[in-house]
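Trainee: All I have is the shape, not the residue letters:
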């Protein structure tokens, strides 16, 4: 998988608290079946061993579908399962250091909340940016809202792919069209739905239409 | 620092909940001044960035005194600050994998609770074992007690350095003498004391006498 050719259209972030099915693996496989193009695995409260074992099982699924797997925060877990990339926020390991650890060929994603962070992330070698929270969201209650205007300014300021994140669902994605956004990052809009595959498919359809 | 020459006599595990001083850095420096020979940094509830920054500050102290710094669990943090080693428990990343990630020259420590785990850890390339909890301990209330007899059997079964851990304090260390134990791992017996340096010095004195 060449990292330059990644399709960021529908970027799934896992969440075991919100998912409508029993396992992360099921939620990932159904989301991919519906059209998710990237999977980010995020675990905050499990042991390193459990995270590693889960990441290995999810990697089998993403490999089978040819979808890149990105590990949130934990560079060691990403390296341990040979994931396609790592996503770091502003309170994770410094971007430049992560790049050195994972090497040039892996995907480095960075969360940015304003132009300054976006420009800095690109300077440090980010391959894509996650920008948000665009809308207030119950998934991450403490996340500051960035707003669509700042998102557009970031889009103008940097060249790397950008996915919007935060409170995005099928009813509010019209605002993301027409200014070169690469994709939508979603959590509950996909994994919390009764029909995960259908929810993913509908988001892809609406975003691309 | 050659890992074959590490002195395991007094192996400090940090604990920000228990320490008698304000910062981890102070507790580490005072403990080393008193005679601690190895420092293990353990953080479970902070961001990766905070862990990394703290580890970097502690590394400056341990480097200054020529004492090895071991990072608990987080292989990425250990690599990021070029720590001397990593310590993994049975619910952390698999030992063989950690060895591949950190390379041959770094110290790999493993927690073992019985002969089977101890032998398996040595087979996977552990450089030392932490065996415990020897006594029940308020620092880690869920830790199963191993007992001094099993510790002695482990000592006979493996060749790598062994440190005992769990509920060890200056009044109960007589039991650790005379069977080739390499050192004592302590938390509250050092960092929770009013005079951390003196507490460390007294433990070293009693263990070596």
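Mentor: Arrived safely, thanks for sending. As the structure is a prediction and not an experimental result, all values here were calculated from the model. Numbering: from 1, shown residues only, chains lettered A, B, ... in the order given.

Trainee: Tell me the secondary structure at residue A:108.
Mentor: With DSSP: H, G, I helix; E, B strand; the rest coil as the basis, residue A:108 sits in strand.

Trainee: now the strands for chain A?
Mentor: Under the criterion DSSP state E, chain A contains strands at A:10-13, A:38-41, A:69-72, A:85-88, A:107-112, A:128-132, A:162-165, A:183-186.

Trainee: where does chain A dip in pLDDT?
Mentor: Across chain A, nothing is flagged by pLDDT under 70.

Trainee: Spell out which residues of it are next to chain B.
Mentor: Residues of chain A lying close to chain B (CB under 8 Å from any CB of the partner chain) are A:47-50, A:52, A:73-77, A:79-80, A:88, A:90-94, A:97, A:101. C-betas here are computed from N, CA, C, even on glycine.

Trainee: and these, which are buried?
Mentor: A:48-49, A:52, A:73-77, A:79-80, A:88, A:92-94, A:97, A:101 (16 or more other CB atoms under 10 Å in any protein chain shown).

Trainee: so which pair among those residues is furthest apart in space?
Mentor: Farthest-apart pair in those is A:49 and A:94; separation 25.9 Å (CB to CB).

Trainee: ok, residue A:97 - contacts?
Mentor: With CB atoms under 8 Å, 6 or more residues apart in numbering or on different chains as the criterion, the residues that contact residue A:97 are B:52, B:80.

Trainee: how about chain A, which residue sits the furthest from its center?
Mentor: residue A:49 (22.5 Å; CA atoms, centre = their mean).

Trainee: for that one, what are its contacts?
Mentor: Residue A:49 neighbours (CB under 8 Å, 6+ apart): B:90-94.

Trainee: ok, which of those also contact chain A?
Mentor: Applying CB under 8 Å from any CB, the subset of the contacts of residue A:49 adjacent to chain A comprises B:90-94.

Trainee: As a check, name the ranges of all helices in chain A.
Mentor: Assigned by DSSP state H, the helices in chain A fall at A:24-34, A:48-65, A:75-80, A:95-102, A:115-123, A:148-157, A:188-191, A:196-208.

Trainee: residues in contact with the first one?
Mentor: When contacts are taken as CB under 8 Å, 6+ apart, the neighbours of helix A:24-34 outside the stretch itself are A:10, A:12, A:14, A:16, A:19-21, A:36, A:39, A:41, A:54, A:57-58, A:61-62, A:65, A:67, A:190-191, A:196-201, A:204.

Trainee: one more time with 7 Å
Mentor: A:12, A:14, A:16, A:19, A:21, A:39, A:54, A:57-58, A:61, A:65, A:67, A:190-191, A:196-201 (CB atoms under 7 Å, 6 or more residues apart in numbering or on different chains).

Trainee: now the third one
Mentor: Contacts to helix A:75-80, defined as CB under 7 Å, 6+ apart, come from residues A:51-52, A:55, A:71, A:85-86, A:93, A:98, A:101-102, B:74-76, B:93, B:97, B:101.

Trainee: any idea how far it is from the chain center?
Mentor: 17 Å (CA atoms, centre = their mean, to the nearest Å).

Trainee: Then the fifth one?
Mentor: The chain centroid and the centroid of helix A:115-123 are separated by 18 Å, computed with CA atoms, centre = their mean.

Trainee: in that helix, what's buried?
Mentor: For helix A:115-123, by 16+ other CB under 10 Å, it's A:117-118, A:120-122.

Trainee: Could you tell me the angle between that helix and helix A:148-157?
Mentor: 30 degrees (axes from the mean of the first three to the mean of the last three CA atoms, to 10 degrees).

Trainee: if we can go back for a sec, can you redo the strands of chain A as JSON lines with distance to residue A:1?
Mentor: Supplementary listing: the strands of chain A in JSON lines, determined by distance: least, CB to CB, whole Å:
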{"stretch": "strand A:10-13", "distance to residue A:1": "15"}
{"stretch": "strand A:38-41", "distance to residue A:1": "11"}
{"stretch": "strand A:69-72", "distance to residue A:1": "10"}
{"stretch": "strand A:85-88", "distance to residue A:1": "10"}
{"stretch": "strand A:107-112", "distance to residue A:1": "9"}
{"stretch": "strand A:128-132", "distance to residue A:1": "14"}
{"stretch": "strand A:162-165", "distance to residue A:1": "17"}
{"stretch": "strand A:183-186", "distance to residue A:1": "16"}
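
Trainee: Contacts only, for residue A:12.
Mentor: Contacts of residue A:12 (CB under 7 Å, 6+ apart): A:28, A:31, A:36, A:38-40, A:186, A:190.

Trainee: Now render the residues you listed as TSV, adding distance to residue B:144 and neighbour count.
Mentor: Converted to TSV, these look like this (distance: CB to CB, whole Å; neighbours: other CB atoms under 10 Å in any protein chain shown):
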residue	distance to residue B:144	neighbour count
A:28	35	27
A:31	40	28
A:36	42	30
A:38	42	28
A:39	37	28
A:40	36	23
A:186	42	29
A:190	41	35
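
Trainee: Tell me which two of those residues sit farthest apart.
Mentor: Checking the contacts of residue A:12 with CB to CB, the most distant pair is A:28 and A:186, at 12.8 Å.

Trainee: quick revisit: closest one of the contacts of residue A:49 to residue A:158?
Mentor: residue B:93 (34.4 Å).

Trainee: Filter the contacts of helix A:24-34 down to the buried ones.
Mentor: By 16+ other CB under 10 Å, the contacts of helix A:24-34 give A:12, A:14, A:16, A:19, A:39, A:54, A:58, A:61, A:67, A:190-191, A:196-197, A:199-201 as buried.

Trainee: wait, which of the residues you listed is closest to chain B?
Mentor: Of all the buried ones among the contacts of helix A:24-34, chain B sits closest to residue A:54, with 12.6 Å by CB to the nearest CB.

Trainee: I figured residue A:110 hits residue A:121, correct?
Mentor: Yes. Between residue A:110 and residue A:121 there is a contact under CB atoms under 7 Å: 3.9 Å.

Trainee: Stretch A:90-101: end-to-end distance?
Mentor: Start-to-end span of stretch A:90-101 (CA to CA, to the nearest Å) is 17 Å.

Trainee: roughly how far is it from the heart of the chain?
Mentor: For stretch A:90-101 - counting by CA atoms, centre = their mean - the centre lies 17 Å from the chain centre.
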